[in-house]
Structures are given as C-alpha cells and as structure tokens.
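Trainee: Below is the sequence, then the predicted model.
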Amino acid sequence: QLQVVESGGGLVQPGGSLTLSCAASGLTLSRYGVGWFRQAPGKEREGVSCISINGGSSNVADSVKGRFTISRDNAKNTVYLQMNSLKPEDTAVYYCAAGQWGCTVVSGLNAQLFDYWGRGTQVTVSS
C-alpha cells in the first residue's frame, strides 16, 4: 500500500517550535517531490513548503518564509517540516503529499500535481 503518514503535530505556545515528519511506506520519497499543505477551519487549503526530488530547491509560502524549513532524510525515507516562531494563524491541519511532478521549478506548490496524500496532523498554536 502506497501511503504517506504525518506525525509531530500538537499544541504549542506562540513563539514555540514543532517539527512535523512525513514518513512513507510503499514508495521511496527520494523519487518524489514532497510538499506540506495546511488547512485551517473555514479556509482553503494552502501550500506551505515543498522540496524537489533532488532536494536542491524548495518552495516556501510567503506567510512562513524565514520561519519554516523543509528537509529530507533519504535514509529514513522521511521529509521534515521544521516550524519556528509559530503564530496563532499557523493553526491548521497539516498535510504531507508526494508527487513525481510535484515541486518542480514549474509546478511548485500546485496541489494537483501531488498524488499521494496523508490524513493530516493537527497543529494548534495557542497560549
């Protein structure tokens, strides 16, 4: 079964940090562009960050620039999203997705080009 699974969400105070993990089974993440998306209640899904197949480029939404960092560990078949200086507006369900045509120079965070989606992990930023 081909799937990606997110973990690492939780409740954190404003200004705090969290690291989300995206692990894969049945597929080798190093062969895919991998993206993180989020959806807050009542809002549309938003692309947050993605990393290309070779890891040489990443695409980051303006709202998280300078605060979120995406990375790969191919040996662990896992992609991470390090989130620092969290704000209440970062509260959302965060989804990991993988796609052979995802996160290219052309496609960036186009969700339609990511084929495999996880079920999401809740991140709540609140005091």
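Mentor: The structure has been received and is ready for your questions. Numbering: from 1, shown residues only.
Trainee: Only C-alpha atoms from now on, for both contacts and neighbour counts.
Mentor: Fine.
Trainee: What sits closest to Leu2 if chain neighbours are left out?
Mentor: Gly26 (4.5 Å; Cα to Cα, 6 or more residues apart in numbering).
Trainee: gap between the one you found and Gln1?
Mentor: For Gly26, the distance to Gln1 equals 6 Å [Cα to Cα, to the nearest Å].
Trainee: again, but for Ala92
Mentor: From Ala92 over to Gln1 (counting by Cα to Cα), the distance is 27 Å.
Trainee: Please apply the same query to Pro88.
Mentor: 35 Å.
Trainee: center of the chain, which residue is that?
Mentor: Trp36 (2.0 Å; Cα atoms, centre = their mean).
Trainee: Show me the contact partners of stretch 32-43.
Mentor: 45-53, 79, 81, 91-104, 109, 114 (Cα atoms under 8 Å, 6 or more residues apart in numbering).
Trainee: For it, buried residues please.
Mentor: Neighbour-count burial for stretch 32-43, counted by 16 or more other Cα atoms under 10 Å, picks out 32-40.
Trainee: nearest residue to Tyr32 other than its sequence neighbours?
Mentor: Closest to Tyr32 by Cα to Cα, 6+ apart is Gln100, at 4.6 Å.
Trainee: wait, I meant Ala61
Mentor: Val48 (5.1 Å).
Trainee: Verify the contact between that neighbour and Lys65 for me.
Mentor: No: Val48 is beyond contact range of Lys65, at 9.2 Å (criterion: Cα atoms under 8 Å).
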